[in-house]
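Visitor: take this sequence and fold it.
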Amino acid sequence: MPRSFKIFILFFMTAVSAALINSKEPSAPWGVGEKLTFSIRWGIITCGYAHMEVKEQVRLADKEAYRIVTTARSAAFFDPFYKVRDRIESYIDASLMRTMRYEKVQREGSYKKDITIIYDHEHGVAYENGHKFEITESVQDVLSALYYLRTKELEVGKKFEFDVGTGKKNWPMEVEVIRKERIKVPAGEFDTFMVIPRLREEGIFKAKGELWVWLTDDERKYPVKMQSKIEIGSISALLIKKKLSKK
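Guide: Numbers count the residues shown, from 1 in each chain. Purely as a prediction, here's the structure:
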């Protein structure tokens with residue numbers, strides 16, 4: 001298991017987001033029960049699996065929120081070399097489509113880290129494991145970002161800018177819609193938009209455009225493929241199974 005697999009898991013979790021400034025309140029193109037399953041591959045070798053699921057709709061801080069859960073795990077063959085058991089949860093305001101709470105349980109080899117971020121939009125601050133930092137009005141976490149993008153209208157050549165509030169600060173990111181493309185993955189063939197997220201300063205990502213994400217060209221805009229260059233070849237997340245909600 002290459003160490004770059006660990007980096008790709010973070011890429012997968014973060015993926016992309018959308019423009020958050022001066023936008024109308026969006027509606028969710030997903031619903032409770034939606035579940036997407038991916039195989040993570042290094043060349044032709046399956047390194048692991050990941051799941052993205054809209055678990056439930058709950059009340060949080062007197063507001064309706066979607067509870068989104070993403071898990072990633074290494075394949076059994078790789079467990080003796082580099083065992084991965086990651087879990088991320090995001091609570092997304094069902095009206096404003098912005099993050100309210102973020103939790104990460106990271107278990108990668110001998111590395112362990114737990115993070116909880118509580119976003120206080122009323123006062124423009126967030127608390128990461130108790131550490132206070134300022135946030136912008138409609139900041140996203142690294143998981144809610146992808147779901148917010150799915151509420152936007154994608155067009156080739158269009159760019160979105162947003163902030164991700166994690167790592168005890170805001171990270172500015174730009175997302176560019178590159179092209180339309182029909183692709184084939186284990187779950188089938190899909191008409192898609194291919195987008196590239198770039199961080200505008202050094203941080204979780206560097207602005208090198210080394211991550212590609214394919215979203216379906218329909219009202220749901222769910223991811224079907226993600227790919228990242230590594231030192232030797234590339235790593236991809238390919239959709240192998242989907243369960244879409246009735247919304």
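
Visitor: would you map the helices across the chain?
Guide: Using DSSP state H, the helices found in the chain span residues 4-14, 144-149.

Visitor: and those, which one averages the lowest pLDDT?
Guide: Comparing mean pLDDT across the helices of the chain, the weakest is helix 4-14, with a mean of 53.

Visitor: so for stretch 67-84, what gets flagged as buried?
Guide: Within stretch 67-84, the residues that qualify as buried are 67-75, 78, 82-84, counting by 16 or more other C-beta atoms under 10 Å. In short, each C-beta sits where N, CA and C put it, glycine included.

Visitor: what about it, start to end distance?
Guide: For stretch 67-84, the first-to-last residue distance is 22 Å (C-alpha to C-alpha, to the nearest Å).

Visitor: I'd like the average pLDDT over it.
Guide: Average pLDDT, stretch 67-84: 94.

Visitor: and it, how far out from the chain middle?
Guide: On the basis of C-alpha atoms, centre = their mean, to the nearest Å, stretch 67-84 sits 16 Å off its chain's mean C-alpha point.

Visitor: contacting residues around that stretch?
Guide: 1, 3, 5-6, 9, 12-13, 40, 46-58, 85-92, 107-109, 143-144, 147 (C-beta atoms under 8 Å, 6 or more residues apart in numbering).

Visitor: before we move on, what about stretch 122-135?
Guide: 114-121, 136-137, 139, 163, 165-170.

Visitor: same thing but 10 Å
Guide: 61, 98-99, 101-102, 113-121, 136-137, 139, 141, 163-170 (C-beta atoms under 10 Å, 6 or more residues apart in numbering).

Visitor: buried residues, it. List them.
Guide: Those would be 126, 128, 135, for stretch 122-135 by 16+ other C-beta under 10 Å.
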